[in-house]
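S.K.: Generate a structure from the sequence data that follows.
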Amino acid sequence: MNGATSYINHFRPIYEFRAWVFWLLALLVLPFSGMPYWWAFELLALAAVMIRGRQIWKALRFRLAISTKWLTTLDVPRLLTIQKRMKSEVDSMYLGLGFEWTQKHCQIAHDILRMPTTDIPGLPKWLGKTKRGRQIEAAIERVFAPADSVRDLMPQGASWIHGMEPKKGYVPLHYKALGGHTLVGGTTGAGKTRTYEVISTQVIHLGDVLIIVNPKRDEDWKRRVERECKRANRKFLYFNQAKPSESIRLNPLESWSQPSEIPSRIAQLMEEGQFRQFAFLFIDRSVKGELYVGDKPNLRSILKYAQSGVTHLLERALERFFREAKLDNWEELVATTRVQISKGPASLKVDAMVIVYNERFAKHDLGHEAVDGLIATHTHDREHYMKIIASALPLLQMLATGETGLLLAPKVDDFEDEREIWDIDKIIRQKAVLYMELDSLSNNIVQQAIASLALADVAAVCGAIYNFYDTRPEIVLIIDEIAEAINEQVIQILNKGRGAGFKAFVAFQTRADLEARLGNAAKMLQVLGNLNNQIVLRLEDSDTAKWFSDKVGETAIRNVQISGSTSRGSEGHIGEFNGGVTRSLQLEKVPLIPTVLIQKLPNLQYFLRISGGSVHQGRIPILQG
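M.R.: Modelled structure (predicted):
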């Protein structure tokens, strides 16, 4: 495409081949022709052969590039060398080989889309019909194959998308743009995990904190992260509720700035409704009571008080309050009160303590909110209380008992359990790498709850870093299948995490998954609005593909309109005709990346849009070593 009115047809026959054959024959015949000054004509023929040969080479390279499917392989040492160079030169991460997508490529794409698939030029089809022809075809392809490439033996999509630009370079994902967070979209098998392998490998060797939440098992990714941590001498932490013997213990309720955050994290796992609000209230009271007596709330203790009531906790809280209030004779007062209220069987000691507390302190507004809350729960109708808290009990039972309970509510005094105990704040301070693998296929409800609790802890640490840390560490958070783990805390990370040094990568297959999980389109758009960079692999969902196409914007392409006409004058001879051919060039407004291209991307190929700026098309390498 040159100038405003020129047009290049990339798919015409290679006419230069005939001229090349002619000049080659001339080159061979001239020395034997006996012509005077034949050597001068020989030089002219040699120049013509080289010029025409170069034109043929370019045409063949273009046609083989758009007709053959390739995969790129890359050794990790080579990747790290490239990363180091790109970090120093353009402050960016490496995202494979590709090119900046411009109007020129959009034009070629539309030219190809208008053609029948069988008309897309390549090697002669008769080559593939015989064994010898296939060998010749393979030899020709090897000559034109990109460096460090292997042929895709199970190809999908349209290979020509990546082949339209012969001059490829390193695709940059700028570190400054990562603070705006990044979406990785793609259907199953399109290459999201390979993309994450490339990204996580570079993050590990760069020295940033890395937290990965993967709702499904992926041994290749896990092995890659573990291998690179060993190579970079980084601490690798593995959490998997389905593999307790291999997993670390992770307390998701360790980090918080307000006590109410703990019941909020649990309540958000329940369905919306009145019971959810009441469950929050009762859990909040027990949590504040634990903190008042000096205990550290965890899932196991919250379950215990939800099931058995808060009587024992209330007794401990009142004892502490009486001591702090300097009521030295409180035991005598309680004993006297207990006798006074006794009717038949001896009344509970805690009931007498409540009466003393109310008469001497609460009545005069001298009580404590934690104690008041426990008293309100203790005196609440037991049948009604169990009906309300019943909605939270199954979830707490799944999270706080058995091996899961030992992982999420670790016993610090259990010296026989040698598994390490970690929390998100500790992971960040020690710059460790956490790989959370959740078995969502076999136990989806529990795994969603674990992911939600862990990410809520990440959000709490994010807030603490923003408010209290003197130096803010660089933290990369990768969430695969965001619809499995999205909650209000994740939305807050995307909204405000940049100031705390968080760079999030989140993946989904369709926008509908996210909308279904969040419950409405407004929240979905809120999440998508905080993902300023998009890495989009092949999408099957047309709605999601159109959403990305609309974000990229539009351009103008040139269409050639050719029309012919013939006519004969009324007084002319019967054999006399007039004819004409009209060739016009028209502009048409189209999406810079048509939706159909996004749905035709081969595996590991993607379109990248960086923070409203440049757009790239590239191919993710398969890491080796």
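
S.K.: can we go C-alpha only for contacts and neighbour counts from here?
M.R.: OK.

S.K.: helices or strands up against the lengthiest helix in the chain?
M.R.: The helix that spans the most residues within the chain, counting by DSSP state H, is helix 38-67. Secondary-structure packing of helix 38-67 (3 or more Cα pairs under 8 Å, 6 or more residues apart in numbering; DSSP states H and E): helix 16-29, helix 131-144, helix 160-163.

S.K.: Mean confidence (pLDDT) on the second one, please.
M.R.: I take that to be helix 131-144. In this model, helix 131-144 has an average pLDDT of 62.

S.K.: Over to the last one?
M.R.: For helix 160-163, the mean per-residue pLDDT is 80.

S.K.: The nearest residue to Phe17 once chain neighbours are set aside: neighbouring residues, count only.
M.R.: Closest residue to Phe17 apart from its sequence neighbours, by Cα to Cα, 6 or more residues apart in numbering: Ile56 at 6.5 Å. When counting by other Cα atoms under 10 Å, one arrives at 17 neighbours for Ile56.

S.K.: residues contacting Ile56?
M.R.: By Cα atoms under 8 Å, 6 or more residues apart in numbering, Ile56 lies in contact with 14, 16-17.

S.K.: quick one: the longest helix of the chain to chain centroid distance?
M.R.: 46 Å (Cα atoms, centre = their mean, to the nearest Å).

S.K.: what angle do that helix and helix 16-29 make?
M.R.: Using axes from the mean of the first three to the mean of the last three Cα atoms, to 10 degrees, the direction of helix 38-67 lies 150 degrees away from that of helix 16-29.

S.K.: Beyond helix 38-67, next helix or strand please.
M.R.: Moving toward the C-terminus from helix 38-67, the next helix or strand (DSSP states H and E) is strand 70-75.

S.K.: Neighbouring strands - and their directions - for that next one?
M.R.: strand 149-151 (antiparallel), strand 622-624 (parallel) (DSSP bridges).

S.K.: These: lowest mean pLDDT?
M.R.: strand 149-151 (a mean of 68).

S.K.: which residues of the chain score low on pLDDT?
M.R.: Filtered on pLDDT under 70, the chain yields the residue ranges 1-13, 60-68, 116-155, 273-274, 342-347, 440-443, 560-585.

S.K.: and Phe32, how many residues sit next to it?
M.R.: Counted with other Cα under 10 Å, Phe32 comes out at 8.

S.K.: next one: the one 4 residues further on
M.R.: The local packing count at Pro36 equals 8, with neighbours defined by other Cα under 10 Å.

S.K.: now the strands: where do they sit in the stretch 301-450 of the chain?
M.R.: 421-422, 433-437 (DSSP state E, counting those that start in this stretch).

S.K.: Could you dump the ones you listed into JSON lines and include mean neighbour count and distance to Tyr37?
M.R.: As requested, these are exported to JSON lines (neighbours: other Cα atoms under 10 Å; distance: least, Cα to Cα, whole Å):
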{"stretch": "strand 421-422", "mean neighbour count": "18", "distance to Tyr37": "87"}
{"stretch": "strand 433-437", "mean neighbour count": "24", "distance to Tyr37": "76"}
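
S.K.: Please identify which of the ones you listed is closest to Glu246.
M.R.: Among these, strand 433-437 comes nearest to Glu246, with 11.4 Å by Cα to Cα.

S.K.: which non-adjacent residue is nearest Ile453?
M.R.: Not Ile; residue 453 is Leu. Using Cα to Cα, 6+ apart, the closest residue to Leu453 is Pro252 (5.8 Å).

S.K.: Just to check, the one you found is in contact with Leu408?
M.R.: Yes - if you go by Cα atoms under 8 Å, Pro252 and Leu408 touch, sitting 6.6 Å apart.

S.K.: give the contact list for Arg285.
M.R.: 370, 373-374, 377.

S.K.: Of these, which is the most crowded?
M.R.: Leu374 (27 neighbours).

S.K.: I'd guessed it sits against Val287; true?
M.R.: No - checked against Cα under 8 Å, the pair Leu374 and Val287 is beyond contact range at 9.6 Å.

S.K.: residues near Asp295, how many?
M.R.: 12.

S.K.: distance of it from Ala317?
M.R.: 11 Å (Cα to Cα, to the nearest Å).

S.K.: Can you check which residues contact both of these two?
M.R.: In contact with both Asp295 and Ala317: no residue, using Cα under 8 Å, 6+ apart.

S.K.: Count the neighbours of Ala352 for me.
M.R.: 22.

S.K.: Spit out the contact partners of it.
M.R.: Counted by Cα under 8 Å, 6+ apart, Ala352 has contacts 334-335, 337-338, 341.

S.K.: try Asp425
M.R.: Taking Cα under 8 Å, 6+ apart as the test, what Asp425 contacts is 255, 458, 461.

S.K.: Go through those and say which is closest to Thr595.
M.R.: The closest of the contacts of Asp425, once distances to Thr595 are taken by Cα to Cα, is Val458, at 35.7 Å.

S.K.: element containing the closest one, please.
M.R.: helix 444-468.

S.K.: From the chain's centroid, how far away is that helix?
M.R.: That offset, for helix 444-468, works out to 17 Å (Cα atoms, centre = their mean).

S.K.: what's the answer for stretch 424-433, then?
M.R.: 21 Å.

S.K.: Equivalent analysis for stretch 226-236, please.
M.R.: On Cα atoms, centre = their mean, the centre of stretch 226-236 falls 22 Å from that of its chain.

S.K.: May I see the buried residues of it?
M.R.: 226-229, 234, 236 (16 or more other Cα atoms under 10 Å).

S.K.: okay if I get those residues as CSV plus secondary structure and distance to Glu42?
M.R.: Shown next, in CSV, are the buried residues of stretch 226-236 (DSSP: H, G, I helix; E, B strand; the rest coil; distance: Cα to Cα, whole Å):
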residue, secondary structure, distance to Glu42
Glu226, helix, 64
Arg227, helix, 61
Glu228, helix, 59
Cys229, helix, 63
Arg234, coil, 66
Phe236, strand, 68
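
S.K.: Turn those residues into CSV, columns for distance to Gln202.
M.R.: Formatted as CSV, these follow (distance: Cα to Cα, whole Å):
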residue, distance to Gln202
Glu226, 13
Arg227, 13
Glu228, 9
Cys229, 11
Arg234, 13
Phe236, 15
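
S.K.: Show me which of those is closest to Ala485.
M.R.: Phe236 (22.2 Å).

S.K.: Name the residues that touch stretch 176-184?
M.R.: 91-92, 192, 494, 498, 501-508, 530-537, 610-611.

S.K.: try 7 Å
M.R.: 192, 498, 502-508, 530-536, 610-611 (Cα atoms under 7 Å, 6 or more residues apart in numbering).

S.K.: hang on, the earlier thing: identify whichever of the strands of the stretch 301-450 of the chain lies nearest to Met35.
M.R.: Using Cα to Cα, the nearest of the strands of the stretch 301-450 of the chain to Met35 is strand 433-437, at 77.9 Å.

S.K.: So Asn603 versus Ser159, what's the distance?
M.R.: Counting by Cα to Cα - Asn603 and Ser159 are separated by 10 Å.

S.K.: Settle it for me: which of the two has more neighbours?
M.R.: Taking neighbours as other Cα under 10 Å, Asn603 and Ser159 compare with Asn603 leading, 27 against 21.

S.K.: Tell me who's in contact with that one.
M.R.: Here Asn603 is in contact with 156, 190-191 (Cα under 7 Å, 6+ apart).

S.K.: please redo it, this time with the cut-off set to 8 Å
M.R.: 155-157, 189-191, 537-538.

S.K.: May I have the phi/psi pair for it?
M.R.: phi -60, psi 140 (degrees, to the nearest 10).

S.K.: cool, and Arg78?
M.R.: For Arg78, the backbone dihedrals (degrees, to the nearest 10) come out as phi -70, psi -40.

S.K.: mind starting the numbering at 21 from now?
M.R.: Shifting the count to begin at 21 puts that one at Arg98.

S.K.: Which stretches in the stretch 271-420 of the chain count as helices?
M.R.: 281-287, 294-313, 319-328, 331-344, 350-361, 369-380, 389-399, 402-409, 413-420 (DSSP state H, counting those that start in this stretch).

S.K.: between the ones you listed, which gets nearest to Gly183?
M.R.: helix 281-287 (48.9 Å).
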